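Visitor: no sequence on hand, only this structure:
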């Protein structure tokens, strides 16, 4: 399947290669921008989500603001993550490296799948505002953030290998 994906993306990759972009951009552009998305957007979004949960008893207005921030930023982060995954695969094809063969690709697939599941939980209204499902969403989201760190480390290892 990786070879088929490479064949599909090769015409676009060859156009990027023809631009003679600096190697540092094609090699490290994806990780640079994705680290902003993962740690900037994801980190703040996770923080806002937890802060919204914690402040409910003490400062309702602040809790609402944090929950609103969480609701705004996390869907955007998920969208950027999906777009970034496509860019990462394209980056590998541009550099003529094997696609889908690294632990980084596997962790990307897991993270995106888990984010989709957690998004579905949220968009379902937490199953009719089920407190257990809300709690699961929070802890599962934190687990996803840890997976993102593992994913970033796998990406760093991959980037250093070629």
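Guide: Received, thanks. What you see is a predicted model, and the numbers here were worked out from it, not measured in a lab.
Visitor: ok, now which ones touch residue 48?
Guide: 66, 67, 69, 70, 73 (CB atoms under 8 Å, 6 or more residues apart in numbering). C-beta coordinates here come from the backbone N, C-alpha and C atoms, glycine included.
Visitor: and if we set it to 6 Å?
Guide: Residue 48 is in contact with 66, 69, 70, counting by CB atoms under 6 Å, 6 or more residues apart in numbering.
Visitor: pull the contacting residues for the first one.
Guide: In other words, residue 66. Per CB under 6 Å, 6+ apart, neighbours of residue 66: 48, 51, 52.
Visitor: how about the residue in the protein that sits furthest from its center?
Guide: Distance from the C-alpha centroid of the chain peaks at residue 58, with 31.8 Å (CA atoms, centre = their mean).
Visitor: what is the neighbour count of residue 149?
Guide: Neighbour count for residue 149, taken as other CB atoms under 10 Å: 12.
Visitor: any idea how far it is from residue 160?
Guide: Residue 149 is 17 Å from residue 160, where distance means CB to CB, to the nearest Å.
Visitor: pLDDT wise, what is the residue farthest from the centre of the chain at?
Guide: Residue 58 carries a pLDDT score of 81 in this model.
Visitor: and the gap between it and residue 52?
Guide: For residue 58, the distance to residue 52 (CB to CB) stands at 12 Å.
Visitor: next: residue 146.
Guide: 20 Å.
Visitor: looking at those two, which is more packed in?
Guide: When residue 146 and residue 52 are compared for neighbours, residue 52 comes out ahead with 20 against 9, by other CB under 10 Å.
Visitor: can I assume that one is in contact with residue 68?
Guide: No. The pair residue 52 / residue 68 is not scored as a contact, 8.2 Å apart, by CB atoms under 6 Å.
Visitor: still on that earlier bit, dump the contacts of residue 66 into CSV; add pLDDT and secondary structure as well.
Guide: Output for those, formatted as CSV (pLDDT from 0 to 100; DSSP: H, G, I helix; E, B strand; the rest coil):
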residue, pLDDT, secondary structure
48, 95, helix
51, 92, helix
52, 90, helix
